[in-house]
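Participant: sequence first, predicted model second:
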Amino acid sequence: MDAPYERQLLVCTYGAWCRLEGSDEVRAQLKRGVKDAGLDKKLRVTKSGCLGQCGHGPVLALWPDNVWYAHVKRDDVPEILAHLRGGAPVARLRYHAQRPGGNKTPEVQAKEAAAGTHID
């Protein structure tokens, strides 16, 4: 059996970090745009838990393409949809991690330490 979707766009909606930056609204707009473009049978826009890049959000990860976007705003969605329809990735939004794994900003790490929480 084939996979149910060819591609999946993960949108971090975990906790307060990405959500405070508007990830729920970005995800909703992406879902509408994917459906309107007729891509919803091949590409799934999915809520995700923490992608370990807090402070760079909203963060999106497109699989299996391995394209990551950071600091995405609602105004950026049309450019991302153009990429999803077969265009090139949006260079100005590409996220290139400093190292594999968690890459939370120092501000996020300090807030987590002060609160006694840490999630990768």
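Facilitator: That came in fine, so what should we check first?
Participant: which parts of stretch 94-112 are buried?
Facilitator: Tyr95, Gly102, Asn103, Lys104, Val108, Lys111 (16 or more other Cβ atoms under 10 Å). C-beta here means a position set from N, CA and C on the backbone, and glycine is covered the same way.
Participant: which one of those residues is nearest Leu30?
Facilitator: Within the buried residues of stretch 94-112, distances to Leu30 taken as Cβ to Cβ reach their minimum at Tyr95, with 16.0 Å.
Participant: what residues are up against that closest one?
Facilitator: Applying Cβ atoms under 8 Å, 6 or more residues apart in numbering to Tyr95 gives the contacts Gln53, His56, Val59, Trp68, Tyr69, Ala70.
Participant: got the contact list for the residue nearest to the second one when sequence neighbours are not counted?
Facilitator: Once its chain neighbours are removed from consideration, His56 has its nearest residue in Ala70; the separation is 4.2 Å (Cβ to Cβ, 6 or more residues apart in numbering). With contact taken as Cβ under 8 Å, 6+ apart, Ala70 is in contact with Gln53, His56, Gly57, Pro58, Val59, Leu93, Arg94, Tyr95.
Participant: how much space is there between the third one and Leu51?
Facilitator: Pointing back at Gly57 there. Here Gly57 is placed at a distance of 8 Å from Leu51 (Cβ to Cβ, to the nearest Å).
Participant: shared neighbours of the two, anything?
Facilitator: With Cβ under 8 Å, 6+ apart as the test, Gly57 and Leu51 both reach Cys12.
Participant: quick check on Asp76: phi, psi?
Facilitator: When read as degrees, to the nearest 10, the backbone of Asp76 gives phi -80, psi -20.
Participant: count of neighbours near it?
Facilitator: 19 (other Cβ atoms under 10 Å).
Participant: for it, which non-adjacent residue is spatially closest?
Facilitator: Once flanking residues are discounted, Asp76 sits nearest to Leu93: 5.9 Å by Cβ to Cβ, 6+ apart.
Participant: and for Leu60?
Facilitator: Excluding its sequence neighbours, the residue lying closest to Leu60 (Cβ to Cβ, 6+ apart) is Tyr69, at 4.3 Å.
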